[in-house]
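Student: Below is the sequence, then the predicted model.
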Amino acid sequence: MRFAVPIFPGSNCDIDCIKAVEDVLGEPVSPVWHQESDLSGYDAVILPGGFSYGDYLRSGALAQFSPIMKGVVKAAQEGKLVIGICNGFQMLLEMGLLPGAMLQNDHLKFRCDIQELTVSLNETPFTSLYEQNESIRIPIAHGQGNYFCDDKTRQELEEHDQIVFRYQGENPNGSTAAIAGICNRERNVLGMMPHPERAIVEWMGSVDGVRLFQSMLKHGEENHGAA
Ligand SMILES: NC(=O)CC[C@H](N)C(=O)O
């Protein structure tokens with residue numbers, strides 16, 4: 001399974017994502033500069049965290065205009081796996097590949113912590129190796145992680161089972177319905193604020209991120225033989 005990690009000016013979790021794929025899966029993974037536009041040679045795309053374009057305007061707002069996003073949209077439309085992690089999630093929202101928007105954390109501070117999460121949906125290519133409603137611990141690190149959507153969108157997310165992760169316990173940023181991650185209706189595009197690539201070895205404080213990458217590979221092997 002061939003992974004692409006697009007890199008934008010200001011990305012700072014790209015190497016973490018590359019190492020997670022290499023160390024957890026042992027699969028081929030390549031950085032792709034944001035000025036490229038062709039991702040047809042890859043089976044999955046990981047939009048990494050960071051501060052693309054310095055978070056000017058809003059986190060992820062300017063990255064949506066990078067040429068690479070043509071390849072990301074094409075990959076999503078073709079049913080390939082696309083995951084946006086933190087800043088990557090913000091990009092997916094800005095591009096309209098996922099519904100809703102990201103606001104400043106309600107306490108107006110940058111929050112860095114290991115966060116308790118509930119796996120609200122394990123029937124996705126990203127979470128099939130977790131138990132439904134399992135509690136996991138994944139690091140968060142963001143200033144604009146306050147997911148917002150209107151009531152109609154929230155009802156649609158609930159009706160179509162698109163809420164994949166919820167914050168457990170204290171809501172760290174004020175997100176609507178404690179939403180930490182959502183997928184599109186086809187479930188091949190996931191956006192999440194927590195960083196699974198920062199939970200892959202014990203010294204990180206949790207290894208609960210490992211099964212997300214393993215779930216992606218399992219999907220690739222079962223559905224496209226892309227292994
Ligand atoms: N870790 C990240 O990707 C941070 C995303 C964005 N820069 C924010 O502060 O919300």
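Tutor: That came through, no problem. Residues are numbered from 1 along each chain as shown.

Student: Buried residues of stretch 206-219, list them for me.
Tutor: Buried residues in stretch 206-219, counted by 16 or more other Cβ atoms under 10 Å: 206, 208-213, 215-219. The way it works is simple: take the backbone N, C-alpha and C, and place the C-beta from them, glycine included.

Student: Residues touching it, excluding its own?
Tutor: Contacts with stretch 206-219, where a contact means Cβ atoms under 8 Å, 6 or more residues apart in numbering, come from 1, 20-21, 24-25, 27, 44, 81, 83, 114, 124-130, 136-139, 195-201, 227.

Student: Tell me which entries of these lie within helices.
Tutor: In helices, defined here by DSSP state H, the members of the contacts of stretch 206-219 are residue 20.

Student: Would you show me how to pick out the buried ones of the contacts of stretch 206-219 in PyMOL?
Tutor: Only the buried members of the contacts of stretch 206-219 enter the following PyMOL selection, criterion being 16+ other Cβ under 10 Å:
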select buried, resi 1+20+21+24+25+27+44+81+83+114+124+125+126+127+128+129+130+136+137+138+139+195+196+197+198+199+200
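
Student: ok but residue 107 is inside a strand, no?
Tutor: No: counting by DSSP: H, G, I helix; E, B strand; the rest coil, one finds residue 107 to be coil, located in no strand.

Student: For burial, what's the neighbour tally of it?
Tutor: As a burial measure, residue 107 scores 11 neighbours (other Cβ atoms under 10 Å).

Student: wait, what's in contact with it?
Tutor: With contact taken as Cβ under 8 Å, 6+ apart, residue 107 is in contact with 173-174.

Student: where's it relative to residue 113, distance?
Tutor: 12 Å (Cβ to Cβ, to the nearest Å).

Student: got it, and residue 154?
Tutor: 25 Å.

Student: Repeat that for residue 10.
Tutor: Distance from residue 10 to residue 113, counting by Cβ to Cβ: 22 Å.

Student: now residue 29
Tutor: From residue 29 to residue 113 the distance is 27 Å (Cβ to Cβ).

Student: Those two - which one has more neighbours?
Tutor: residue 29 (20 against 12).

Student: partners of that one in the sheet?
Tutor: In this structure, residue 29 bridges to residue 3 when assessed by DSSP bridges.

Student: In strands, which of the contacts of stretch 206-219 fall?
Tutor: The members of these that map onto strands under DSSP state E are 44, 81, 83, 114, 136-139.

Student: okay, the residues you listed in TSV with distance to residue 172 next?
Tutor: Listed next are those as TSV, based on distance: Cβ to Cβ, whole Å:
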residue	distance to residue 172
44	28
81	26
83	20
114	11
136	15
137	13
138	11
139	11
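
Student: any idea which of those is closest to the ligand?
Tutor: Among the ones in strands among the contacts of stretch 206-219, residue 139 lies closest to the ligand (Cβ to the nearest ligand atom), at 9.3 Å.

Student: Good, we can wrap up now.
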